[in-house]
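Colleague: got a predicted structure here, sequence first:
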Amino acid sequence: MDQLSMGQLTWVCPGMHFANRSIFIALALLFWSFHIVERPDAPIDTTPDKDNVVAHLQNFEVDFVPHMEEMRLQEMIDM
């Protein structure tokens, strides 16, 4: 299914594929570089907020723990 935010039919964004792939690469690099863990002092509440028409989770905080030391990650990114 196409994303309507990128247009449809003859009005489709010419950079749609580039934008989607750029987001994919950025997220893949983020997930490869860090462990995303729940903060011990602020547990994630998984019960949805049902006060609105669309139920959604409350905001939560996480910690980004590097898979390796920061200098090594920076060297790999700068390659």
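Modeller: Okay, I see it. Residues are numbered from 1 along each chain as shown.

Colleague: mind checking how far residue 73 is from residue 63?
Modeller: 16 Å (C-beta to C-beta, to the nearest Å). C-beta here means a position set from N, CA and C on the backbone, and glycine is covered the same way.

Colleague: who has more neighbours, these two?
Modeller: Neighbour count, other C-beta atoms under 10 Å: between residue 73 and residue 63, residue 73 has more, with 16 against 12.

Colleague: are we agreed that the more buried one is in a helix?
Modeller: Yes: under DSSP: H, G, I helix; E, B strand; the rest coil, residue 73 falls within a helix.

Colleague: who's in contact with it?
Modeller: For residue 73, the contacting residues are 33, 66, 67, by C-beta atoms under 8 Å, 6 or more residues apart in numbering.

Colleague: what's the distance between the residue nearest to the spatial centre of the chain and residue 47?
Modeller: Most central in the chain under C-alpha atoms, centre = their mean is residue 27, positioned 5.6 Å from the mean C-alpha point. According to C-beta to C-beta, residue 27 and residue 47 sit 26 Å apart.

Colleague: sorry, back to before: which of the contacts of residue 73 fall within helices?
Modeller: Per DSSP state H, helices hold the following members of the contacts of residue 73: residue 33.

Colleague: mind pulling up the pLDDT for the residue of the chain most remote from its centre?
Modeller: Within the chain, the residue lying farthest from the chain centre (C-alpha atoms, centre = their mean) is residue 10, at 29.4 Å. According to the prediction, residue 10 has pLDDT 71.

Colleague: what do you get for residue 22?
Modeller: pLDDT, residue 22: 92.

Colleague: now do residue 5
Modeller: pLDDT for residue 5: 67.

Colleague: same check on residue 36?
Modeller: 91.

Colleague: circling back to that earlier point, will you turn the contacts of residue 73 into CSV that also has pLDDT, neighbour count and distance to residue 23?
Modeller: Listed next are those as CSV, based on pLDDT from 0 to 100; neighbours: other C-beta atoms under 10 Å; distance: C-beta to C-beta, whole Å:
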residue, pLDDT, neighbour count, distance to residue 23
33, 84, 15, 16
66, 86, 11, 22
67, 83, 11, 21
